[in-house]
Each structure stands twice: as C-alpha cells, then as structure tokens.
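Asks: got a structure for you, letters missing:
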C-alpha cells in the first residue's frame, strides 16, 4: 500500500513539473509537431486496418447469431453502429494504442534516462519533464479524437463490405439500421472518453519511462508496466465515464 501511494505521489509531482509554461514556445511547438507525426499519424494505418476488420466481423457475427424472423432486418446495422460508437472506437481502440504508443513513450524516455540524456538536460537548467513529456501528452490529446473518427468510418466501411462482397445481407437494410434512432451524443461521448484515455496513456507511460532506474532490463520492465497500468486505468476510467456520460 505504501509503495502504491508513493508511486501516485511521484506521478502527481512529475505532472506538476510537466504542466508548466514552456521556457521556449518555439521548441515546444517543434517537439509538438514531431510527436503528432510519431504518435498520431503513424498510428492511422493500424487504426484503419483493425477498425475495418472489426466492423466486418461484428456484422457477420450479429447476422449469423441473432438472426430471427421476429427481429427486423435492420437490427444488424443498428447493433453494429452501437458497438462501434459506444465501445470499440473509443475504449478498445485506446487499449490497442496503449500497447503501441504507450510502450513507445516508455521505452524512449527510459532509454534517455539510462543513457543520462535526461540528466544532461537537468544540468543545463532545462525542465526535462516539461520539455520531453508535455509535447507527447498534448499530441496524444490532439490526435486521439481524430483517430476515433477514422475508426468509426473504417468500421462502417467494413460492415458495408460484408454486404457488397460477402453478400451477407442487403446493404439497404444495413444502411437503415446504421441510421435508425441515431444519437449524436454517442459520438461526442466517445470523443470525450478518448481524450481522457489519451491523457492516461501518455502521462502514465511517460511516468514509467521517466522514472526508470537501472539499465536496459529496467527499460523493458518499465515499458511492460506502462502498458499494463495504462490498460487497467483505461478500463476503470471507461466504467466511470460510461456511468457519468450516459
């Protein structure tokens, strides 16, 4: 228990150092642009690919397993839309990104720590937490909502491909189900949740990487701990936010 409280305290202190005004805004924006490309743009491909196939698989599974003469034919499209909007494109996609982006952040900062690059920044009088971590957090918060929108569209396209190429059902019925009783708030709810998840992924991963003690083995352990902790916190935050926003 004491170790957990100590870890939380160190995390809060690190975030206090991180969220200060950058000493040089030009350097901050240069780092910010680089992190947008590395953490966000480079993740678009995997988001589109996974979302496309998940949208197709959800449509096929629902069509095959809940088909009944008592259910209207547009039910498949309706259920697919609700799953993509409410859970997959926000929560599950962020869990996937926690593995990709979180391990990247933790290993990068951990390597800088064990090779004494962070110590060199401190000796030069630079607030290393603000210089290294703040651009990563702001870049993730900026890009995650965009990735969520891409995920939703890719999932819908995957669902339609099961109709056009797999001949699973009529595309008109799927389209009607996707539009039936559409609630715009569900999209905003997914975006709000994804912003919170983006902060969790970036800040927790940065904490484990920044506070590494040891050598290369410690960097690998920090990367693993970052992914596990981020995933658990995302699931907990998902439960809380779903209750608050629904």
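Replies: Arrived safely, thanks for sending. The model shown is predicted, which means the values in this text are computed figures rather than measured ones. Numbers count the residues shown, from 1 in each chain.

Asks: mind listing what the closest residue to residue 108 other than its chain neighbours touches?
Replies: Nearest non-adjacent residue to residue 108, counting by Cβ to Cβ, 6 or more residues apart in numbering: residue 209, 6.5 Å away. Heads up, the C-betas are built off the backbone N, CA and C, glycines and all. If you count contacts by Cβ atoms under 8 Å, 6 or more residues apart in numbering, residue 209 has them with 105-110, 112-113, 219, 222-223, 226.

Asks: Please repeat the previous calculation with a cut-off of 6 Å.
Replies: Counting by Cβ atoms under 6 Å, 6 or more residues apart in numbering, residue 209 makes contact with 105-106, 109-110, 222.

Asks: what about it, which helix or strand?
Replies: helix 184-210 (DSSP states H and E).

Asks: got the angle for the helix or strand following that helix vs helix 184-210?
Replies: Using DSSP H and E, the helix or strand that directly follows helix 184-210 along the chain is helix 216-245. Computed with axes from the mean of the first three to the mean of the last three Cα atoms, to 10 degrees, the direction of helix 216-245 lies at 160 degrees from that of helix 184-210.

Asks: What are the buried residues along helix 216-245?
Replies: Going by neighbour count (16 or more other Cβ atoms under 10 Å), the buried part of helix 216-245 is 219, 222-223, 225-227, 229-231, 233-234, 237-238, 241.

Asks: Check stretch 86-106 too.
Replies: 86, 88-99, 101-106.

Asks: avg pLDDT for that stretch?
Replies: Here stretch 86-106 scores 86 as its mean pLDDT.

Asks: Equivalent analysis for stretch 194-202, please.
Replies: 92.

Asks: Run through who's touching it.
Replies: Applying Cβ under 6 Å, 6+ apart, the external contacts of stretch 194-202 come out as 90, 94, 98, 101-102, 136-137, 140-141, 144-145, 148, 230, 233-234, 237.

Asks: repeat that with 7 Å
Replies: 90, 94, 97-98, 101-102, 105, 136-137, 140-141, 144-145, 148, 230, 233-234, 237, 241 (Cβ atoms under 7 Å, 6 or more residues apart in numbering).

Asks: Which secondary structure state is assigned to the residue of the chain lying at maximal distance from its centre?
Replies: Among residues of the chain, the one most distant from the C-alpha centroid is residue 69; the distance is 38.9 Å, by Cα atoms, centre = their mean. Taking DSSP: H, G, I helix; E, B strand; the rest coil as the rule, one finds residue 69 in the coil state.

Asks: and it, what does it touch?
Replies: So residue 69 contacts nothing (Cβ under 7 Å, 6+ apart).

Asks: Give me the local confidence score for it.
Replies: pLDDT at residue 69 comes out at 70.

Asks: Contact partners for the spatially most central residue of the chain?
Replies: In the chain, the residue lying closest to the centroid (Cα atoms, centre = their mean) is residue 94, at 2.7 Å. By Cβ under 7 Å, 6+ apart, the contact list for residue 94 reads 194, 197, 201, 234.

Asks: cool, residue 189 as well?
Replies: Contacts of residue 189 by Cβ under 7 Å, 6+ apart are residue 245.

Asks: Tell me how far it lies from residue 147.
Replies: Per Cβ to Cβ, to the nearest Å, residue 189 is found 16 Å from residue 147.

Asks: And residue 169, by the same measure?
Replies: Remark: distance between residue 169 and residue 147 (Cβ to Cβ) = 28 Å.

Asks: So for these two, which sits in the more crowded spot?
Replies: Neighbour count, other Cβ atoms under 10 Å: between residue 169 and residue 147, residue 147 has more, with 25 against 21.

Asks: This completes my enquiry, with thanks.
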